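Undergrad: I would like the atomic coordinates for the input below:
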Amino acid sequence: RPPQLAHITVGMHAHNDSETGVANTLEAVRHGCTQVQGTVNGYGERCGNANMISIIPDLQLKMGYDCVPEENLRELVELSRYVSEMANLNPDSHQPFVGQSAFAHKGGTHVNAVVKYVMSYQHIDPALIGNETRVLVSELSGKDNIASKRREFGLDGLSKEEERRILQQIKELENAGFAFESAEASVDLMLRRVRPGYEQPFEMIDYTAAVEHRAGRGMFSEATVKVRVGERIFHEVAEGNGPVNALNRALRKAIMPFYPRLRAVHLTDYK
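TA: Modelled structure (predicted):
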């Protein structure tokens, strides 16, 4: 800072019009700026303001400044997602530090390295800011991805042949248009199905779903399912708010008597 400004408190208020809001703010602090202005998640006019969600951990974890207590820093992810919710905006899964994908690994080579030394592909311990390491399963996966998910789900070891079969199945499904990065429960089910002693709880024999426009009702969705539970076959029909909701209701009608715990399971999000 120039000597003639040594007695003046200098603040920084950066916007992100050229994608340098955070960088300019960090440089300003390095040159003596002691007041920083920004917004959570960088929300603001035009291209946004300097993102405090990145500035705080950069200053504290990268540059050695004491900004907030450690316990507050661990709430950074929660804060970011809360503000997104209040702003009625979807959280950015690729946002640095706090995004769901910020510490996610799916390439086979990457996961192999992370399994051996977790910091080989991570710039900080994600727990410091309330995030976590995630291993994803996709068409880029290798056997270490499958082994990591198995441990995460608390399942017993699989043979190399079983892991190879699951990996091949996932790659074939992804090439056909499926995506497992945001459907980890599907991976869990695939792992369970290859374990010895697995018994299929029910079999979906057939289903149909229709969306029609009917006089006096507007758009109308109806689903029909044919399900086998044990030796019995059930045929159920249900209406719903869209085809997925209708299928969900019809399937519940068929299997709820056998699996009453489904009453506590709710379909809240799907795509």
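Undergrad: so where's the protein shaky on pLDDT?
TA: Scanning the chain for pLDDT under 70 picks out 1, 138-141, 157, 270-271.
Undergrad: quick one: buried residues of the longest helix anywhere in it?
TA: Ranked by residue count, the top helix of the chain under DSSP state H comes out as helix 160-175. Buried residues in helix 160-175, counted by 16 or more other Cβ atoms under 10 Å: Glu162, Glu163, Ile166, Leu167, Ile170, Glu174. Every residue, glycine included, has its C-beta placed from N, CA and C.
Undergrad: what does stretch 191-210 give?
TA: Taking 16+ other Cβ under 10 Å as the criterion, stretch 191-210 shows Leu191, Val194, Phe202, Ala209 as buried.
Undergrad: so which residues of this protein form helices?
TA: In the chain, the helices defined using DSSP H lie at 21-30, 52-57, 70-73, 76-86, 108-116, 143-152, 160-175, 184-193, 243-255.
Undergrad: among those, which is the most enclosed?
TA: Most buried of the helices of the chain by mean neighbour count (mean count of other Cβ atoms under 10 Å) is helix 52-57; its value is a mean of 22.
Undergrad: convert the C-alpha atoms of it to CSV, please.
TA: Presented in CSV, the C-alpha positions along helix 52-57 are these (Å, rounded to 0.1, in the frame of the first residue of the first chain):
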residue,chain,number,x,y,z
MET,A,52,-17.7,-14.8,-0.3
ILE,A,53,-18.1,-18.6,-0.3
SER,A,54,-14.8,-18.8,-2.2
ILE,A,55,-13.1,-15.7,-0.7
ILE,A,56,-13.4,-16.9,3.0
PRO,A,57,-11.7,-20.3,2.5
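Undergrad: tell me which other helices or strands it touches.
TA: Secondary-structure packing of helix 52-57 (3 or more Cβ pairs under 8 Å, 6 or more residues apart in numbering; DSSP states H and E): helix 21-30, helix 76-86.
Undergrad: now render those helices as CSV, adding distance to Pro257.
TA: Below are the helices and strands packed on helix 52-57 laid out as CSV (distance: least, Cβ to Cβ, whole Å):
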stretch, distance to Pro257
helix 21-30, 56
helix 76-86, 37
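Undergrad: those: which one's closest to Thr224?
TA: helix 76-86 (36.6 Å; Cβ to Cβ).
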